[in-house]
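> Only the shape, not the letters, is given here:
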């Protein structure tokens, strides 16, 4: 068995392709009639698709950057209002925890900013007003019908 495998390997090692006969015919594969036109159309379609995708990507990036600029501007305006308002302003999250409060709120409620951050809306109004606070938050979370 090993001798047969050796003979096969030896024959493969010494194998050479047969010489070509000179027929005078062109051995290259020609494009069918209109093949150059098809190739040009495929290249053009690829280029157009690339241009369309790049423009779409650029437009999406422009919209994203514009939205980020608008958000930064809104945050800056909110910061100015919070800082210079003469009224107490307290921001709550969906669980009624205090997220942010202005200086006036710390003065009115008698707590530091960090103490206020540990409180909830019920803590500010008292435990007996729990149902009223829940109703107020439900109203605040409901989307406006006129908007």
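Great, that's in hand. Worth saying up front: this structure is predicted, and the values here are computed from it rather than measured.
> And the helices in this protein?
Ranges of helices within the chain are 2-13, 35-84, 103-109, 113-117, 121-125, 130-141, based on DSSP state H.
> would you list these in a markdown table and tack on mean pLDDT, mean neighbour count and distance to residue 92?
The way it works is simple: take the backbone N, C-alpha and C, and place the C-beta from them, glycine included. Shown next, in a markdown table, are the helices of the chain (pLDDT from 0 to 100; neighbours: other CB atoms under 10 Å; distance: least, CB to CB, whole Å):
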| stretch | mean pLDDT | mean neighbour count | distance to residue 92 |
| --- | --- | --- | --- |
| helix 2-13 | 48 | 9 | 82 |
| helix 35-84 | 92 | 10 | 14 |
| helix 103-109 | 91 | 16 | 12 |
| helix 113-117 | 92 | 13 | 11 |
| helix 121-125 | 86 | 17 | 6 |
| helix 130-141 | 84 | 12 | 8 |
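> Select, out of these, the one closest to residue 96.
Among these, the nearest to residue 96 by CB to CB is helix 121-125 (4.4 Å).
> What is that closest one packed up against?
helix 130-141 (3 or more CB pairs under 8 Å, 6 or more residues apart in numbering; DSSP states H and E).
> Distance from the chain centre to the helix it packs on, please.
Distance of helix 130-141 from its chain centroid, counting by CA atoms, centre = their mean, to the nearest Å, is 34 Å.
> Residues in contact with that helix: which ones?
92, 94, 96, 121-122, 125 (CB atoms under 8 Å, 6 or more residues apart in numbering).
> again, but for stretch 114-126
Defining contact as CB under 8 Å, 6+ apart, one finds that stretch 114-126 is touched by 90, 92, 95-99, 101, 105-106, 109, 111, 129-130, 132-133, 136-137.
> with the contacts of helix 130-141 in mind, which one is nearest to residue 58?
Checking those one by one against residue 58 (CB to CB), the nearest turns out to be residue 94, at 36.3 Å.
> What is the nearest of the contacts of helix 130-141 to residue 64?
Once CB to CB is applied, the member of those that ends up nearest residue 64 is residue 94, at 25.8 Å.
> could you measure the residue lying closest to the closest one once chain neighbours are set aside against residue 95, distance?
Nearest non-adjacent residue to residue 94, counting by CB to CB, 6 or more residues apart in numbering: residue 141, 7.0 Å away. Residue 141 sits 11 Å away from residue 95, going by CB to CB, to the nearest Å.
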